[in-house]
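Peer 1: Fold the following and give me the result.
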Amino acid sequence: MTCITGFIGAVPTINRDAFVDHSRLAADVFRGHGLASAVEGWGDDVPNGEVTSLPGAVQARPDETVVFSWYRWPSKSAQDEGLRRGMEDPRLGPDQNPMPFDGQRAIFGTFEPLFEIGAQQPGGYFDGFVIPVPKTARDAFHAFARACDPIFAEHGAVWIMEAWELDVPDGKLTDFRRAVAAKPDEAIVFSWAQWPDKATRDAGNARVMNDPRLDGDGCPFDGSRIIYGGFSPVLQV
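Peer 2: Residues are numbered from 1 along each chain as shown. Model (predicted):
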């Protein structure tokens, strides 16, 4: 089964081009070490929340933009070996490819695809989500996604992924668990939905909100702690 490495970070907005260049070189290097695909999303519509939020998750400053990104690998073992070899590759050293953001506040984790509908298309616009779900509710969440995600597709989404945590490490400053105030008995879901463009996303989400089939009954997680935002892809490999 394929494996996903999910990332969230905060990048100084003035460093957008440097971030794209950094990400492109990193993806090229990791492709040589087994990476299958990569997407880097630049924050466009990322709200602050009362309880949790993407900006709060990475302690984003007013002059920073949140990024939401992922790598996809053929397997968990391919990811582990590919990341190890990539991090040892001199092309990714600080002299050749310095980080244009604060890596100490970046969040990362490993996830396995749980439910996927549609397929990636070039360009477009992405909604990214991080969701805390009780570990005992994995099957219930799977059933929830199977019922709800096709409705999003009816309203214009072209690709939806729901990925369940495999390895979500604790961090010194930030991490996925703190990002959603996860409880000890909860797992992290890393999820995204691709739309053809932002206008289709805005219209589609508005229709979804009024769709009687999505009335919130049977939701197997605490929706008040979801973090989410809209992103423009700046790199698709």
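
Peer 1: just checking, what's the longest strand in this protein?
Peer 2: strand 107-118 (DSSP state E).

Peer 1: ok, and for that one, which residues are buried?
Peer 2: Residues 107-112, 114-115, 117-118 are the ones in strand 107-118 that count as buried (16 or more other Cβ atoms under 10 Å). To be clear about C-beta, it is placed using only N, CA and C from the backbone, and glycine gets the same treatment.

Peer 1: Please apply the same query to stretch 145-156.
Peer 2: 145, 148-149, 152, 155-156.

Peer 1: I'd like the residues you listed written out as JSON lines, with secondary structure and pLDDT added.
Peer 2: Putting those into JSON lines (DSSP: H, G, I helix; E, B strand; the rest coil; pLDDT from 0 to 100) gives the following:
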{"residue": "145", "secondary structure": "helix", "pLDDT": "95"}
{"residue": "148", "secondary structure": "helix", "pLDDT": "93"}
{"residue": "149", "secondary structure": "helix", "pLDDT": "96"}
{"residue": "152", "secondary structure": "helix", "pLDDT": "96"}
{"residue": "155", "secondary structure": "coil", "pLDDT": "96"}
{"residue": "156", "secondary structure": "coil", "pLDDT": "97"}
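
Peer 1: Let me have these in TSV, extended by distance to residue 60.
Peer 2: Shown next, in TSV, are these (distance: Cβ to Cβ, whole Å):
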residue	distance to residue 60
145	28
148	29
149	28
152	27
155	29
156	29
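
Peer 1: Could you single out the nearest of the residues you listed to residue 128?
Peer 2: residue 152 (13.8 Å; Cβ to Cβ).

Peer 1: OK, contacts around that closest one?
Peer 2: 160, 193, 204, 208 (Cβ atoms under 8 Å, 6 or more residues apart in numbering).

Peer 1: quick one: which of these is most hemmed in?
Peer 2: The residue in these with the most neighbours, by other Cβ atoms under 10 Å, is residue 193 (27 neighbours).

Peer 1: helix/strand/coil for that one?
Peer 2: Secondary structure state of residue 193, per DSSP: H, G, I helix; E, B strand; the rest coil, is strand.

Peer 1: thought it was touching residue 156?
Peer 2: No - between residue 193 and residue 156 there is no contact under Cβ atoms under 8 Å: 9.6 Å.

Peer 1: Not counting sequence-adjacent ones, nearest residue to residue 34?
Peer 2: Distances taken as Cβ to Cβ, 6 or more residues apart in numbering put residue 82 closest to residue 34, at 3.9 Å, once the chain neighbours are dropped.

Peer 1: tell me which element that neighbour falls in.
Peer 2: helix 76-88 (DSSP states H and E).

Peer 1: before we move on, back to that, report how many residues lie close to the residue nearest to residue 34.
Peer 2: Residues near residue 82, counting by other Cβ under 10 Å: 24.

Peer 1: just to revisit the earlier point, mind putting the contacts of residue 152 in a markdown table, secondary structure included?
Peer 2: Listed next are the contacts of residue 152 as a markdown table, based on three-state DSSP:
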| residue | secondary structure |
| --- | --- |
| 160 | strand |
| 193 | strand |
| 204 | helix |
| 208 | helix |
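
Peer 1: Nearest to residue 138, out of those: which one, please.
Peer 2: residue 160 (17.5 Å).

Peer 1: can you pull out the helices in this structure?
Peer 2: Using DSSP state H, the helices of the chain run over residues 16-31, 54-57, 76-88, 138-154, 176-179, 198-209.
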